[in-house]
Structure formats: structure tokens, C-alpha cells
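[1] need a 3D model of the sequence below.
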Amino acid sequence: MALLLTPEWDQGYTALAKARAMGAEAVIAALAAADLRGRGGAGFPAARKWELARAAEGSVKHVVVNGGEHEPGSGKDRMLVAQYPHRVLEGAAICALCTGATSIVLYLIEDMHDAIEAAQRAIAEAPLEGFEVRVVLAPTTYVAGEETAALEVIEGKKAWPRKKPPYPGQAGLYGQPTTVQNVETLAWVPGIVLHGPDWFRPGAMLCTLDESFARPGIVEVPFGISLERLIADFGGGTRGGRPVKAILPALSSAFLPASALSLPLTHEALRDAGSNLGCGGFSVLEEGQCIVERALQIAEFFKAEQCGQCPPCRMETNTIAAVFQKVATGQPGDYVAQLEKITAFARGKGYCSLIEMAAAPALSAVRLFPEDFASHARTGLCPA
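    Model prediction:
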């Protein structure tokens with residue numbers, strides 16, 4: 001049964017009224033008990049983020065609803081704002097209430113036309129006295145979705161991530177404490193406030209299944225089901241009907257082998273397996289498809305989308321793409337060592353996590369399928 005993708009518990013901002021009656025500490029405790037985590041990719045506990053923002057000193061505080069959904073294969077946030085704008089707004093208002101903020105910014109990509117219209121209409125309709133709410137449009141670049149890059153854009157600057165610390169909860173928008181929270185994360189908040197933590201536990205998340213599935217689309221998936229069930233029951237299996245060769249939970253995650261199909265869909269299980277849930281933009285490779293070609297596509301994406309601010313990131317993304325291009329065209333070499341060297345050198349040296357995002361699919365691909373890469377490098381042909 002769907003929890004989030006249902007209009008049944010939209011009740012005229014009664015969750016916001018209940019949150020006022022409960023008080024900030026009780027609301028944050030409910031989120032902690034529900035174990036609501038960020039849905040933008042990092043999976044950071046929402047209650048912890050709100051506690052930090054609430055404790056931060058400052059007479060002016062902000063909430064930024066991060067709809068900068070730029071990762072290929074993810075469309076959940078766009079859909080939520082377009083179809084459930086009041087739910088997102090109510091979650092943002094509850095966040096502002098609990099953290100002491102009066103300013104709410106909906107940060108949406110400039111090509112999200114339906115979502116932008118829905119958000120502006122909802123702002124005009126919403127009973128949000130005491131809050132200043134506005135929409136700010138993000139450029140279509142990937143890095144503009146990073147939380148501190150979003151703050152830069154809202155301030156009228158270039159979409160470049162900031163050096164951290166300080167973190168947004170300490171000094172964010174205009175140097176003031178700011179809670180940056182993903183669209184989906186905030187959309188869950190009214191339901192938890194209305195129905196309590198037990199309604200949500202063990203939790204669920206929206207996953208975007210791309211065209212590699214027989215039934216692509218956005219689905220609400222309960223935590224704890226196996227990856228095999230996710231693919232078969234929600235995605236209808238692979239598009240070509242062949243067995244799964246590899247699973248990619250998000251473009252910025254590590255590949256998982258077919259042997260991981262029994263893993264439960266949880267943050268912990270995927271992390272222990274060497275990957276992560278990310279934003280839940282799932283893709284699969286089926287037997288007979290080329291892992292080298294897919295790894296090259298991802299490497300070229302990160303090469304094009306890195307902002308150029310941090311030399312180690314620029315060096316890493318260009319090197320990964322160059323190495324995979326050589327493999328794809330049949331140029332032998334010690335490419336595994338090259339990848340290991342450049343990713344180790346660059347690790348942790350950027351202002352954002354794109355360095356780690358680019359490395360994860362690249363390293364996992366060559367480690368999981370060494371024979372495919374070796375054969376491709378020798379012949380320029382895919383052994384699949």
C-alpha cells in the first residue's frame with residue numbers, strides 16, 4: 001500500500017497545525033523515531049539536521065527545499081512538486097517551524113515547467129502566514145544540485161559548491177543558519193506528524209526505474225524488500241527479459257553484481273555491499289550488455305558536469321573518461337592501476353562529493369568485471 005503517493009492524507013495543513021501543538025522537540029523526536037533520512041543521496045538523518053539548525057545561533061534562519069534534481073535517471077522530486085506541491089510546502093513549513101526559520105525557498109530546476117507552475121500556485125493558496133516563501137530557479141547543470149551550490153545560486157552567484165566547513169546549518173544562505181532538505185524528504189514529514197513514526201516504519205522511498213526496466217517509472221518501494229523483488233515486481237524485470245548482470249542504484253553509486261540480488265533495500269545493506277542507495281535512480285544491465293560502454297557513458301557525464309572549480313576533480317574525471325575511451329577502442333594498458341592511482345589521489349580533495357561520485361561506478365565496474373575490460377582492451381570488442 002502506498003504511503004506517500006496517495007492524496008488521502010492531504011488535510012488542509014492539519015499536520016502543520018498539529019506540529020505547532022506538539023512543539024519542535026516532539027516533532028523532531030518523531031522524525032528520529034521514524035528514522036527519516038535524506039532522500040537526496042547522502043541519507044543523513046533528517047532529525048539530526050533539524051536539531052543542528054535549531055541549536056544554531058541566529059535571529060534569521062532559512063529552509064531551502066532542494067529540488068535541484070539533475071542526476072540522469074531520477075525524476076521523483078520533479079513529480080512530487082508537480083503533483084503534490086502542498087505536501088512539499090507543508091513539510092517545509094514544519095521544518096521552518098522546528099528550526100526557527102521564517103524564510104522558505106523552493107529551489108527548482110529552470111526546465112521543471114509543470115513543477116514550477118504547481119509550486120507558484122500552491123504558494124498563493126497555502127495558509128503560510130509568518131513565512132516568506134519564494135521560488136528560485138536553478139540552472140540545468142549537475143553540480144547546481146549540491147546544497148552549497150544551491151545557496152550560491154539563490155544568492156545570485158555561480159553554481160559552485162562552497163568549501164566546508166562551515167556547513168549550511170551553521171552559515172548557509174547569506175551567512176545565516178540554513179536547513180537544506182531534499183523535496184522527497186520534506187514530503188514525508190506531514191504524514192509522520194499526522195500518523196506517528198509507526199505509520200512510516202520501516203520506511204519507504206521513491207525510486208525512479210529507467211528505461212533498462214520492462215516497466216520504467218517512479219515507484220514507491222518499501223525498505224527491506226530484496227533488489228530482486230524491486231526489479232521483478234516493481235520494474236517487471238529487465239527490458240530485454242534476460243538475467244541481470246549488474247545493478248546501479250544511482251548514477252553516482254557503485255555497481256553491484258547479480259549475486260547482490262538477494263540484498264534488502266536498505267541504506268545499511270547497500271553500504272555494506274560497497275554501494276549506496278543514492279537518490280534511488282535505479283538502472284540495470286542484463287546479460288549480453290556491455291559494461292564498458294555503460295561505464296564510459298557515466299565517465300563522460302561526470303567529465304562534462306564537473307564545474308571546473310577544483311583541479312583534482314577536473315583531473316580525475318578527465319582521466320577516468322580517457323582511460324575508458326582507450327579500453328573501448330582496444331588500446332591495452334594498465335588501466336586498472338591508472339584508475340586506482342587517480343581516484344586515490346583525488347579522494348576527499350574537492351569542495352563537493354562529485355569526486356567520490358565519479359569514482360564509485362568506475363572502480364566498481366573494473367573490479368566486478370575485469371575480464372570484460374581486459375577483453376575489450378585487447379580487441380576493442382565487447383565480450384558480452
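
[2] show me where pLDDT drops low in the stretch 51-200 of the chain?
    Scanning the stretch 51-200 of the chain for pLDDT under 70 picks out nothing.

[3] if you set the cut-off to 80 instead, what comes out?
    70 (pLDDT under 80).

[4] what residues of stretch 11-26 count as buried?
    For stretch 11-26, burial by neighbour count (16 or more other CB atoms under 10 Å) applies to 13, 15, 16, 18, 19, 22, 24. From N, CA and C alone the C-beta is placed, and that goes for glycine too.

[5] how about the strands in the stretch 151-300 of the chain?
    Secondary structure of the stretch 151-300 of the chain (DSSP state E, counting those that start in this stretch): strands at 178-182, 204-209, 217-222, 244-248, 256-257, 281-286.

[6] for the third one, which positions count as buried?
    Residues of strand 217-222 classed as buried: 218, 219, 220, 221 (neighbour count, 16+ other CB under 10 Å).

[7] measure the closest residue to the second one other than its chain neighbours to residue 100 for me?
    This points to residue 219. The shortest distance from residue 219 to any non-neighbouring residue, by CB to CB, 6 or more residues apart in numbering, is to residue 234 (4.6 Å). Applying CB to CB, to the nearest Å, the value for residue 234 to residue 100 is 39 Å.

[8] dump the residue contacts of the closest residue to residue 99 other than its chain neighbours.
    Spatial nearest neighbour of residue 99, excluding adjacent residues (CB to CB, 6+ apart): residue 53 at 4.0 Å. Residues counted as contacts of residue 53 (CB atoms under 8 Å, 6 or more residues apart in numbering) are 61, 99, 100, 101, 169, 177, 178, 179.

[9] how does it look with 6 Å?
    Counting by CB atoms under 6 Å, 6 or more residues apart in numbering, residue 53 touches 99, 169, 177, 179.

[10] what's the answer for residue 383, then?
    372, 375.

[11] which element is it on?
    Residue 383 belongs to no helix or strand when assigned by DSSP states H and E.

[12] what helices or strands is the longest helix anywhere in the chain leaning on?
    Assignment by DSSP state H gives helix 311-328 as the longest helix of the chain. In terms of contacts (3 or more CB pairs under 6 Å, 6 or more residues apart in numbering; DSSP states H and E), helix 311-328 is packed against helix 291-305, helix 335-346, helix 354-368, helix 370-379.

[13] same for the second one, what does it pack against?
    Pointing back at helix 335-346 there. helix 311-328, helix 354-368.

[14] may I see the buried residues of that helix?
    Result for helix 335-346 [16+ other CB under 10 Å]: buried residues 335, 336, 339, 342, 343, 346.

[15] just the pLDDT for the residue nearest to residue 267 when sequence neighbours are not counted.
    Nearest non-adjacent residue to residue 267, counting by CB to CB, 6+ apart: residue 43, 4.9 Å away. pLDDT for residue 43: 81.

[16] for residue 43, which three-state class applies?
    coil (DSSP: H, G, I helix; E, B strand; the rest coil).

[17] number of residues surrounding it?
    18 (other CB atoms under 10 Å).

[18] go on, residue 113?
    12.

[19] got it, and residue 224?
    Counted with other CB under 10 Å, residue 224 comes out at 13.

[20] returning to what we had before: how near is the residue nearest to residue 267 to residue 268?
    Residue 43 is 10 Å from residue 268, by CB to CB.

[21] got the contact list for stretch 66-77?
    By CB under 6 Å, 6+ apart, stretch 66-77 touches 78, 81, 107-108, 138, 142, 144-145, 150, 180, 182-184, 206, 208, 210, 218, 251, 279, 281, 283.

[22] let's see 7 Å
    40, 78, 81, 106-109, 112, 115, 138, 140-142, 144-145, 147, 150, 180-184, 206, 208, 210, 218, 250-252, 279, 281, 283, 301 (CB atoms under 7 Å, 6 or more residues apart in numbering).

[23] filter those to the buried ones?
    By 16+ other CB under 10 Å, the contacts of stretch 66-77 give 40, 78, 81, 106-109, 112, 115, 138, 141-142, 144-145, 147, 150, 180-184, 206, 208, 210, 218, 250-252, 279, 281, 283, 301 as buried.

[24] now, which of these lie within helices?
    Reading helices off the buried ones among the contacts of stretch 66-77 with DSSP H, I get 78, 81, 115, 147, 150, 183, 184, 301.

[25] specify which member of the residues you listed is nearest to residue 214.
    For those, the minimum distance to residue 214 (CB to CB) is 22.6 Å, reached by residue 78.

[26] so residue 24 sits against residue 51, correct?
    No. Residue 24 lies out of contact with residue 51 (CB atoms under 7 Å); the separation is 9.5 Å.

[27] what sits against residue 351?
    Residues in contact with residue 351, defined by CB under 7 Å, 6+ apart, are 161, 162, 163, 309, 310.

[28] now do the fourth one against residue 351, distance only.
    Note on residue 309: its distance to residue 351, by CB to CB, is 6 Å.

[29] repeat that for the second one.
    Using CB to CB, we find residue 162 at a distance of 6 Å from residue 351.

[30] for residue 283, same thing?
    27 Å.

[31] re earlier: could you dump the helices and strands packed on helix 335-346 to a markdown table with mean pLDDT and mean neighbour count?
    A markdown table is the format used below for the helices and strands packed on helix 335-346 (pLDDT from 0 to 100; neighbours: other CB atoms under 10 Å):
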| stretch | mean pLDDT | mean neighbour count |
| --- | --- | --- |
| helix 311-328 | 94 | 20 |
| helix 354-368 | 94 | 23 |
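
[32] looking at the ones you listed, which is closest to residue 95?
    That would be helix 354-368 among the helices and strands packed on helix 335-346, by CB to CB, at 25.9 Å.

[33] quick one: list the elements packing against the closest one.
    Contact here means 3 or more CB pairs under 7 Å, 6 or more residues apart in numbering; DSSP states H and E; on that basis helix 354-368 packs against helix 291-305, helix 311-328, helix 335-346.
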